[in-house]
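Participant: Got a predicted model here, sequence first, then my questions.
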Amino acid sequence: MANTNGAPDPSTLPAINVLAQYAKDISFENPNAPRSLAPRETSPQIEIRVNVNARKVGEHDFEVELAIEGQAKDGDTQIFRVDLLYGGVFHIVNIPEDQLHPVVMIECPRLLFPFARQIVAESVRNGGFPPLMIDPVDFAALYRARAADEAARQQQGAPN
């Protein structure tokens, strides 16, 4: 709908507002300090996992959780481990129902990611290591992979 000057009515435009964002849980482990801080001849193996969960907390409000798990190993020896559960509450209006789930699971974590990435980098740096700079995450690809996994699980459980 347009107003008298031809511009769209702002009350009908899609909107995503961040109401709050916060670290729900954070852990950094350096189990072999101070030995783990010594210079090494080889680069450690870095593993990063990212997961997204969401739940409705109001008529138009959603809590989205971004879980980031990272660890560095040298062979079987763990150098460090960092775990972050970073959350946000989003107010989402004027999004068609069939598009709401992808918006919550793709756009909301995309907005949270830079803040969570900074917390992880600083936690690792504060542990005595160079900051762990996580590459940008393609939340659309993560969403599609999760949907494909869910479809495969449903197909396996379906009677033939």
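Facilitator: Cool, got the structure.

Participant: Spatially central residue in this structure, please.
Facilitator: For the chain, L66 is the residue whose C-alpha lies nearest the centre (CA atoms, centre = their mean; 3.1 Å).

Participant: confidence score at that residue?
Facilitator: L66 is assigned a predicted lDDT (pLDDT) of 97.

Participant: Name every strand pairing with the one helix or strand it maps to and say which way it goes.
Facilitator: Assigned by DSSP states H and E, L66 belongs to strand 61-74. Strand 61-74 pairs in its sheet with strand 45-56 (antiparallel), strand 77-93 (antiparallel), by DSSP bridges.

Participant: can you list the ones you listed in a markdown table and add mean neighbour count and distance to K24?
Facilitator: Using the backbone N, CA and C atoms, a C-beta is placed for each residue, glycine as well. Output for these, formatted as a markdown table (neighbours: other CB atoms under 10 Å; distance: least, CB to CB, whole Å):
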| stretch | mean neighbour count | distance to K24 |
| --- | --- | --- |
| strand 45-56 | 14 | 11 |
| strand 77-93 | 19 | 4 |
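
Participant: nearest to A121, of these?
Facilitator: The closest of these to A121 is strand 77-93. By CB to CB, the value is 9.5 Å.

Participant: which residues does E65 bridge with?
Facilitator: Here E65, judged by DSSP bridges, has bridge partners N53, G87.

Participant: which ones are touching it?
Facilitator: By CB atoms under 8 Å, 6 or more residues apart in numbering, E65 lies in contact with K24, V52, N53, A54, L85, Y86, G87.

Participant: pretty sure the last one is touching L19, no?
Facilitator: No: no contact is recorded between G87 and L19 when judged using CB atoms under 8 Å, the distance being 11.1 Å.

Participant: Count the neighbours of E150 for me.
Facilitator: 10 (other CB atoms under 10 Å).

Participant: i'd like the first residue to be 24 from this point on
Facilitator: Okay, using 24 as the starting number, the last item reads as E173.
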